[in-house]
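Just a sequence and a predicted model for now, questions to come.
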Amino acid sequence: DAMVIQNPRYQVTQFGKPVTLSCSQTLNHNVMYWYQQKSSQAPKLLFHYYDKDFNNEADTPDNFQSRRPNTSFCFLDIRSPGLGDAAMYLCATSGQTGGGETQYFGPGTRLLVL
Amino acid sequence: GQNIDQPTEMTATEGAIVQINCTYQTSGFNGLFWYQQHAGEAPTFLSYNVLDGLEEKGRFSSFLSRSKGYSYLLLKELQMKDSASYLCAVRDRDYKLSFGAGTTVTVRA
């Protein structure tokens, strides 16, 4: 049973053409995260939502925006993709604070910028 | 912030044991995770440590020493399907994860 779903799995866009990646979850988790992972590198946190509270990482470019219309869905908008934005984008979720709440990852969307 | 170090690559033979070390420096430790990531796929959760000691889950075990800022993941009875990247991740008090760059394990027949 899919728990964290990302669409599309592969996305090709043109330099400067806006693109939206989507993530949905069936876990009813209140925290959702977006990571960027480039080849052979660690996943890098872009931002996360704690319920509706948006938390941006200090070094996340303004080019990257996010929306969370409800608990289940979260979107990553790249307003003007550059060649350097080609990467795997991973969505993850986790439950309420405390204990060993694990982050569960979706399958990722691989973005190619032409 | 977090500073997480782990070896880049390791190679081992099918049926053998491999230990992947991870050292970290953190401003607020709130747990350490190990994830497995096959090429082109998302990370999958393997283990979690928040207290010192060894956690065993089947063929995989993870150890933590908070005073030393050190953890290891032990993979026993290696199988070909264990060939993957293994990511060490440290969680801070804001419940954010910082990942190491990963250790690529190659299992040879």
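Yep, that arrived.

so what pLDDT did the spatially most central residue of chain A get?
Residue closest to the mean C-alpha point of chain A, counted by Cα atoms, centre = their mean, is A:W34 at 2.8 Å. pLDDT, A:W34: 96.

is any part of stretch A:23-42 close to chain B?
Yes: using Cβ under 8 Å from any Cβ of the partner chain as the criterion, contacts between stretch A:23-42 and chain B involve A:V31, A:Y33, A:S40, A:Q41, A:A42. Placement of C-beta: from N, CA and C, glycine included.

got the residues of chain B near chain A?
B:4, B:31, B:33, B:35, B:40-45, B:48, B:50, B:87, B:94-102.

switch the cut-off to 7 Å
By the rule Cβ under 7 Å from any Cβ of the partner chain, the part of chain B lying against chain A is B:31, B:33, B:41-43, B:45, B:48, B:50, B:87, B:95-97, B:99-102.

Separate out the buried members of those residues.
When the residues of chain B next to chain A are checked for burial by 16 or more other Cβ atoms under 10 Å in any protein chain shown, the buried set is B:31, B:33, B:42-43, B:48, B:87, B:95-97, B:99-102.

still on that earlier bit, what is the lowest-pLDDT residue among the residues of chain B next to chain A?
Across the residues of chain B next to chain A, the bottom pLDDT score, 79, is held by B:Y95.

Taking the residues of stretch A:23-42 next to chain B, please make a ChimeraX selection of just the buried ones.
Remark: buried members of these, expressed as a ChimeraX selection using 16+ other Cβ under 10 Å:
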select /A:31,33,42
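
any idea which of the residues of stretch A:23-42 next to chain B is the one closest to chain B?
Nearest to chain B among the residues of stretch A:23-42 next to chain B, counting by Cβ to the nearest Cβ, is A:A42 at 3.8 Å.

Flag the shaky bits of chain B, pLDDT-wise.
Scanning chain B for pLDDT under 70 picks out the ranges B:1-2.

which strand residues sit across from the nearest residue to B:D82 once chain neighbours are set aside in the sheet?
Closest residue to B:D82 apart from its sequence neighbours, by Cβ to Cβ, 6 or more residues apart in numbering or on different chains: B:V107 at 5.3 Å. Using DSSP bridges, the bridge partners assigned to B:V107 are B:A12.

what residues does chain A put near chain B?
Within chain A, the positions adjacent to chain B are A:31, A:41-43, A:45, A:48, A:90, A:97, A:100, A:102-108 by Cβ under 7 Å from any Cβ.

Next, B:Q36: secondary structure please.
Secondary structure of B:Q36, reduced to three states by DSSP: H, G, I helix; E, B strand; the rest coil: strand.

Take the helix or strand hosting A:T20, keep the C-alpha atoms, and write them as CSV.
Element membership of A:T20, judged by DSSP states H and E, is strand A:19-25. C-alpha atoms of strand A:19-25 as CSV (Å, rounded to 0.1, in the frame of the first residue of the first chain):
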residue,chain,number,x,y,z
VAL,A,19,7.1,23.3,-12.9
THR,A,20,5.1,21.8,-10.0
LEU,A,21,5.8,18.6,-8.3
SER,A,22,3.2,16.9,-6.1
CYS,A,23,3.2,14.8,-3.0
SER,A,24,0.3,13.1,-1.2
GLN,A,25,0.2,10.9,1.8
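
For that strand, the averaged confidence score.
For strand A:19-25, mean pLDDT rounds to 96.
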